[in-house]
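# output the structure for:
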Amino acid sequence: MKKGKILSSIILVCMAACWTIVPPGCANIIPPAGGPRDSIPPQVLKADPPDSTVNFTGDHITLTFDEYVDLKDLSNNVLFTPTFETVPKITVKAKTIRINFENPLDRNTTYVMNFGNAIVDMNEGNVLKNYTYTFSTGARLDSLEISGRVLLAQTGGVDSTLIAVLHRNLRDSAVMNERPQYVVRLDRNGAFHFRNLPADTFALYIIGDAAVSKRYSTKSQLFAFADRPVIAGQPDSLILYAYREEEKRTAAPTTESQRIPASDRRLRFTPLTNGTQDLLTDYILQFPVPLRSFDSNKVHLSTDSSFSLVRYQAGTDSLRRELRFHTDWKENTLYNLVLEKDFAADTTGRQLLKTDTLFFTTKKAADYGRVSIKLSNVDLTRHPVLQFVQNNQVVFSIAVPSGSFSQNLFLPGEYGLRILYDTNGNGVWDPGHFFKGRRQPEVVKLIQRTITVKPDWENEFETGL
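Numbers count the residues shown, from 1 in each chain. Next up, the predicted model:
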């Protein structure tokens, strides 16, 4: 009996301990989790021969890692400098990467291999970023440098997808016809840095969409060039401005004109206002099919229910897909636009089936804010133009020869600001022309602040470069 009581007491004590140490769910035994996800990139345990080797005479290099590795997108990641006519063959097996040189290496030359984001671990895909291996076929490693920064001439921003290249051949044609000797990527701030260079003079270029060839092949590529040859080791602070000589051409999207049934003979158009007209812009009709003819005598603009006629100017854009009406709009006023049946015809011969009238109302003056901006550190001798930017698009620009700007009616909103140095005074940004006189592009400088224009408010700002 005593043994039974003792055993019962032990069981009760254990149950109480379980309840005390772990709340009522202590009977639910949960197996240990698999641990945190591996986020550590592979590490090089051994390089054969070691990094920074001199008097290299072999035909391959072997890299051994601490885990199984893989290679991703070699052609867009790995950079060899100097470049090779026949690209070395890179293979991976288990924990080893092998680089085989297909051709003899140049004598007394320092080589640098940058793997970019190509090396990843097999399980999680963690990237060993910008692993670099350097060696020399001579008695020492070259140690001279060239560095600088690249800005986009049209916006003042940066594009880290660009590459910087060096050519020993200083003729302009080399950038199109020959592979460069040295190539580096730009970092996220638009900076480039050539290391381990020999004592030499180079032509310096910046290229976008260079692919494997690393050449400037089309005017739609981003491109920049140094005004004069650069010398390795000189402490110049280089700033280059990249531009596209021509905009990229994209396939034309399917238009509404391609969806209009041939049996539909009604002229189609769309007003770009949603019933409320901006006091500062033209009233615009947009046509899916270009206009063949337009007769302004058969269009009548008037105000209010009295249909009092208003003087206006009208015309089409260069593609004849927009019809713009310009006048001095009165605030908070009802306008009527009467379009006679045969006021216009598109290139397929479509016209209105009957006279049509469009109604819209202008905004109030109180819907706008007054803006006054005083600029500092702007070079007034370079024909500055103040640009207002929304969603990376210039929505308004104006010359500011005195370094200040004011306007009584300005659309409310948040704006970024830029200064365009308008060299030729035509009011718009112009690209450079390398093969036509080595003309640099016009330059846009960012103003490092945004402004918020409030409606019915005196918006005053002081800012500058």
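# sheet partners, orientation included, of the longest strand anywhere in the chain?
Taking DSSP state E as the assignment, the strand of the chain that covers the most residues is strand 443-453. Its sheet considered, strand 443-453 pairs with strand 413-421 (antiparallel) by DSSP bridges.
# mind checking pLDDT for the nearest residue to Asp142 once chain neighbours are set aside?
Among residues not flanking Asp142 along the chain, Thr110 sits closest, at 4.0 Å (C-beta to C-beta, 6 or more residues apart in numbering). From N, CA and C alone the C-beta is placed, and that goes for glycine too. With respect to pLDDT, Thr110 scores 97.
# show me what counts as buried in the longest strand of the chain.
Neighbour-count burial for strand 443-453, with 16 or more other C-beta atoms under 10 Å as criterion, is recorded at Val443, Val444, Lys445, Leu446, Ile447, Ile451, Val453.
# again, but for stretch 122-141
Counting neighbours by 16+ other C-beta under 10 Å, one finds that the buried residues in stretch 122-141 are Asn126, Val127, Leu128, Tyr131, Tyr133, Thr134, Phe135, Ser136, Thr137, Leu141.
# what mean pLDDT does that stretch get?
This predicted structure assigns stretch 122-141 an average pLDDT of 95.
# from the chain's centroid, how far away is it?
Going by C-alpha atoms, centre = their mean, to the nearest Å, the spacing between the C-alpha centre of stretch 122-141 and its chain's C-alpha centre is 29 Å.
# kindly check the end-to-end length of it for me.
Between the opening and closing residues of stretch 122-141 we find a distance of 33 Å, counting by C-alpha to C-alpha, to the nearest Å.
# how about residues contacting that stretch?
Counting contacts by C-beta atoms under 8 Å, 6 or more residues apart in numbering, the residues outside stretch 122-141 that touch it are 37-44, 47, 49, 51-57, 61, 63, 67-70, 105-117, 119-120, 142, 196.
# 7 Å - rerun?
37-42, 44, 47, 51-56, 61, 68-70, 105-117, 119-120, 196 (C-beta atoms under 7 Å, 6 or more residues apart in numbering).
# give me the buried subset of those residues.
Applying a neighbour-count criterion of 16+ other C-beta under 10 Å, the buried members of the contacts of stretch 122-141 are 41-42, 44, 47, 53, 56, 61, 69, 105, 109-116, 119-120, 196.
# Asn117: what's it in contact with?
Each residue near Asn117 by C-beta under 7 Å, 6+ apart is listed here: Lys72, Asn77, Val127, Lys129.
# redo the buried residues of strand 443-453 as JSON lines? Include distance to Glu178.
Output for the buried residues of strand 443-453, formatted as JSON lines (distance: C-beta to C-beta, whole Å):
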{"residue": "Val443", "distance to Glu178": "29"}
{"residue": "Val444", "distance to Glu178": "32"}
{"residue": "Lys445", "distance to Glu178": "34"}
{"residue": "Leu446", "distance to Glu178": "35"}
{"residue": "Ile447", "distance to Glu178": "40"}
{"residue": "Ile451", "distance to Glu178": "48"}
{"residue": "Val453", "distance to Glu178": "52"}
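# about what we covered before: most widely separated two among the contacts of Asn117?
By the measure C-beta to C-beta, those have their two most distant members at Lys72 and Lys129, which lie 12.1 Å apart.
# so what are the sheet partners of the host helix or strand of Val389 and their directions?
Under the assignment given by DSSP states H and E, the secondary-structure element containing Val389 is strand 384-390. According to DSSP bridges, strand 384-390 has the following sheet partners: strand 393-399 (antiparallel), strand 413-421 (antiparallel).
# contact partners of the first one?
Outside of strand 393-399, the residues that reach it under the criterion C-beta under 7 Å, 6+ apart are Val385, Leu386, Gln387, Phe388, Val389, Phe405, Gly427.
# same thing but at 6 Å, please
Contacts with strand 393-399, where a contact means C-beta atoms under 6 Å, 6 or more residues apart in numbering, come from Val385, Leu386, Gln387, Phe388.
# and that strand, how far out from the chain middle?
19 Å.
# do stretch 211-231 as well
Averaged over its C-alpha atoms, stretch 211-231 has a centre that lies 18 Å from its chain's centre (C-alpha atoms, centre = their mean).
# pull the CA atoms of it into CSV?
Presented in CSV, the C-alpha positions along stretch 211-231 are these (Å, rounded to 0.1, in the frame of the first residue of the first chain):
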residue,chain,number,x,y,z
ALA,A,211,25.9,42.7,-75.1
VAL,A,212,28.9,40.4,-75.7
SER,A,213,30.7,42.6,-78.3
LYS,A,214,31.0,45.6,-75.9
ARG,A,215,30.7,47.9,-78.9
TYR,A,216,28.7,51.0,-79.9
SER,A,217,26.6,49.7,-82.8
THR,A,218,23.3,51.7,-82.9
LYS,A,219,22.3,55.3,-82.2
SER,A,220,19.6,54.1,-79.8
GLN,A,221,22.3,52.8,-77.3
LEU,A,222,23.2,55.0,-74.4
PHE,A,223,26.6,56.3,-75.1
ALA,A,224,29.2,58.8,-73.7
PHE,A,225,32.7,59.7,-74.6
ALA,A,226,35.6,61.5,-73.0
ASP,A,227,36.7,64.7,-74.9
ARG,A,228,40.3,63.7,-74.9
PRO,A,229,42.4,60.6,-74.3
VAL,A,230,42.9,59.5,-70.7
ILE,A,231,46.2,58.5,-69.1
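# let's test this: mean pLDDT of it, rounded?
For stretch 211-231, the mean pLDDT works out to 93.
# which of the residues in that stretch are buried?
For stretch 211-231, burial by neighbour count (16+ other C-beta under 10 Å) applies to Lys214, Arg215, Tyr216, Gln221, Leu222, Phe223, Ala224, Phe225, Ala226, Val230.
# after the helix or strand of the chain with the lowest mean pLDDT comes which helix or strand?
Of all regular secondary-structure elements in the chain, judged by mean pLDDT, DSSP states H and E, the least confident is helix 2-21 with a mean of 46. Under the assignment DSSP H and E, the closest C-terminal helix or strand after helix 2-21 is strand 44-48.
# who's in contact with that next one?
By C-beta under 6 Å, 6+ apart, the residues outside strand 44-48 that reach it are Thr62, Leu63, Thr64, Asp66.
# which one of these has the most neighbours?
Counting neighbours by other C-beta atoms under 10 Å, Leu63 comes out on top of these with 24 neighbours.
# which helix or strand contains that one?
Assignment of secondary structure by DSSP H and E places Leu63 within strand 60-65.
# what about Asp205, which SS state?
Residue 205: Tyr, not Asp. strand (DSSP: H, G, I helix; E, B strand; the rest coil).
# measure it to Leu240 for me?
Relative to Leu240, Tyr205 is positioned 8 Å away (C-beta to C-beta, to the nearest Å).
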